[in-house]
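Visitor: this is a predicted model, with the sequence first.
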Amino acid sequence: MKRLDWNALDETARLEALARPAQSRADELRRGVEQIIATVREGGDTALRELSAKYDRCALQAIAVDETEFAAAEASLDPALKAAIREAAARIEAFHRAAALQPVAVDTAPGVRVERMLRPIGRVGLYVPAGSAPLPSTALMLGVPAHIAGCREVVLCSPARADGRCDEAVLYAARLTGVHKVFKLGGAQAIAAMAYGTESVPKCDKLFGPGNAWVTEGKLQVSSDPEGAAIDMPAGPSEVLVIADAGANPVFVAADLLSQAEHGPDSQVILLSPSAGLLDQAAAEVERQCAELPRGAIVNQALAQSRLIAVDSLAQAVEVSNRYAPEHLILQVAAPRALLDGVESAGSVFLGQWAPESVGDYCSGSNHVLPTYGYARSYSGVSVASYQKQISVQEVSEEGLRNIGPCTATLAAAEQLEAHRRAVTLRLATLESLS
Ligand SMILES: NC(=O)c1ccc[n+]([C@@H]2O[C@H](COP(=O)([O-])OP(=O)(O)OC[C@H]3O[C@@H](n4cnc5c(N)ncnc54)[C@H](O)[C@@H]3O)[C@@H](O)[C@H]2O)c1
Ligand SMILES: N[C@H](CO)Cc1c[nH]c[nH+]1
Ligand SMILES: [Zn+2]
């Protein structure tokens, strides 16, 4: 990991220090994804089979998972894994139910009631990655809030293995959360299928979930097409920023950095500390623990674009973190709550040495589908609200219109929108004539 001193850097070097791994093939990626989307729109299921053969090296017979496959998947899983999936689902559900938006009704003037009502988005499409590692936990993170919101139809895509089957634990988790249909599709072709529909895959209103560069680019492209689908957020390669003080345990700090570095070669991890000693120890620990990891080759690629940065104080560390807007922020300091008020941009925050990021990935109850690439500046992670529309309602009585009609008419006149003004004044005149 590259080592830097924040206070020795000029502005250009600071930008460089916090830059995400370059999407060096951005143009090629954009064009490649455009091509995949066009192919799926034109060729439907036939194109999906061809693309799966090309990119997932699997010969798909049926695109949809059938009942026999669901049953075989459930039967094949270790009971301990099924229990852990159910345990995680229960905590995710508990938190997401409690954090869900509630309907609101406010009398903003006598006779004027304004309400917010919530309606589920009709048909949603979930993407569960399985390229480098199948992620049943992501099926929980996407399926549980969709179920709580009450979406009419929940569709899920996840890439098939070379044997043409989906990961068994992904299927079990999908079923557990009430997903209606699962398709053995990955990459930008899965996104195109859910955004535009094919003979097998229904067209969805909104797409959710993380994925690699092809998936994320696919989501961005379909969301900018009015005929495509809305998306939750750009949730790309995983990242973590750790702020550690001199008393932090370097073994824990290194383990947390490595936990996100192992996601993929384009992941990025950053450690900020005012303690040179802690930076030294953590760097040595990263090297030592990395050698023990089965995904060491992936980790090493991620570490090549990761940073250890010396700062002059914990307050400066929080400033730098806000600037980076990490997907995950870990505060491994003696008094983490004291820093929390200063946190302005982060997908999810972990307080203290006993809160590894891994618990948020699986089963603390929070959602792990979070904005990456600095989007935490303006986006939030997936929640029940992501699956809902908020519709406002206003009920106005005679008294209410007498109260707020003049204000409306004045503002309409100022905007020179005469028809708007008259929609009020004609009614007020009628009320006058009746009284
Ligand atoms: N931000 C979050 O909330 C979050 C959560 C979980 C995972 N992640 C990230 O999701 C990503 C998962 O990526 P993954 O690769 O393991 O799985 P994936 O399912 O996202 O991607 C695999 C698919 O990519 C397509 N593909 C691969 N190479 C291609 C090529 N050359 N051209 C066109 N398509 C190609 C294939 O169709 C394949 O099915 C990781 O980067 C991980 O860090 C992010
Ligand atoms: N850390 C990932 C989100 O960036 C989520 C995940 C799933 N499984 C393990 N980790
Ligand atoms: Zn993770």
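Guide: Alright, I've got the coordinates. Ligands and ions are numbered 1, 2, ... in the order given.

Visitor: please make it C-alpha for all contacts and neighbour counts, starting now.
Guide: Fine.

Visitor: when you scan stretch 242-260, is anything in it near ligand 1?
Guide: No - applying Cα under 6 Å from any ligand atom, one finds stretch 242-260 out of contact with ligand 1, separated by at least 7.4 Å.

Visitor: how about whichever residue of the stretch 201-350 of the chain sits closest to ligand 2: what's its closest non-neighbour residue?
Guide: Of the stretch 201-350 of the chain, the residue with the smallest distance to ligand 2, taken as Cα to the nearest ligand atom, is Ser238 at 3.9 Å. Taking Cα to Cα, 6 or more residues apart in numbering as the measure, Ser238 lies nearest to Ser267, with 5.1 Å between them; neighbours along the chain are not counted.

Visitor: report how many residues lie close to whichever residue of the stretch 301-435 of the chain sits closest to ligand 2.
Guide: Checking the stretch 301-435 of the chain residue by residue against ligand 2 with Cα to the nearest ligand atom singles out Asp361 as nearest, at 4.7 Å. Neighbourhood size, Asp361 [other Cα atoms under 10 Å]: 16.

Visitor: do I have it right that it meets Phe350?
Guide: No - between Asp361 and Phe350 there is no contact, the gap being 11.2 Å when judged by Cα atoms under 8 Å.

Visitor: how far away is the residue of the stretch 201-350 of the chain closest to ligand 2 from ligand 1?
Guide: As defined by Cα to the nearest ligand atom, to the nearest Å, Ser238 lies at a distance of 4 Å from ligand 1.

Visitor: what's around that residue, how many residues?
Guide: 28.

Visitor: the one 10 residues further on too?
Guide: Applying other Cα under 10 Å, we find 20 other residues in the vicinity of Ala248.

Visitor: then Ala75?
Guide: Burial of Ala75 is recorded as 12 neighbouring residues (other Cα under 10 Å).

Visitor: go on, Glu262?
Guide: As a burial measure, Glu262 scores 25 neighbours (other Cα under 10 Å).

Visitor: what about the closest residue to it other than its chain neighbours, helix or strand, and which?
Guide: The shortest distance from Glu262 to any residue that is not its chain neighbour, by Cα to Cα, 6+ apart, is 4.8 Å, and that residue is Val299. Under the criterion DSSP states H and E, the helix or strand holding Val299 is helix 296-304.

Visitor: does that helix come close to ligand 1?
Guide: No - judged by Cα under 6 Å from any ligand atom, helix 296-304 and ligand 1 are separated, with a smallest distance of 10.4 Å.

Visitor: which other helices and strands contact that helix?
Guide: helix 250-261, strand 268-273, helix 276-290 (3 or more Cα pairs under 8 Å, 6 or more residues apart in numbering; DSSP states H and E).

Visitor: deepest in the core, which of these is it.
Guide: strand 268-273 (a mean of 27; mean count of other Cα atoms under 10 Å).

Visitor: which residues are in contact with it?
Guide: Taking Cα atoms under 8 Å, 6 or more residues apart in numbering as the criterion, the residues outside strand 268-273 that touch it are 20-21, 237-246, 257-258, 260-261, 279, 302-303, 305-314, 317.

Visitor: name every strand pairing with it and say which way it goes.
Guide: The pairing partners recorded for strand 268-273 under DSSP bridges are strand 239-244 (parallel), strand 307-310 (parallel).

Visitor: how far does the shortest one sit from its chain's centre?
Guide: Right, the one you point to is strand 307-310. Computed by Cα atoms, centre = their mean, to the nearest Å, the separation of strand 307-310 from the middle of its chain amounts to 26 Å.

Visitor: ok so, going back, tell me who's in contact with the residue of the stretch 201-350 of the chain closest to ligand 2.
Guide: Residues in contact with Ser238, defined by Cα under 8 Å, 6+ apart, are Gln260, Ala261, His263, Gly264, Ser267, Gln268, Glu327, Thr372.
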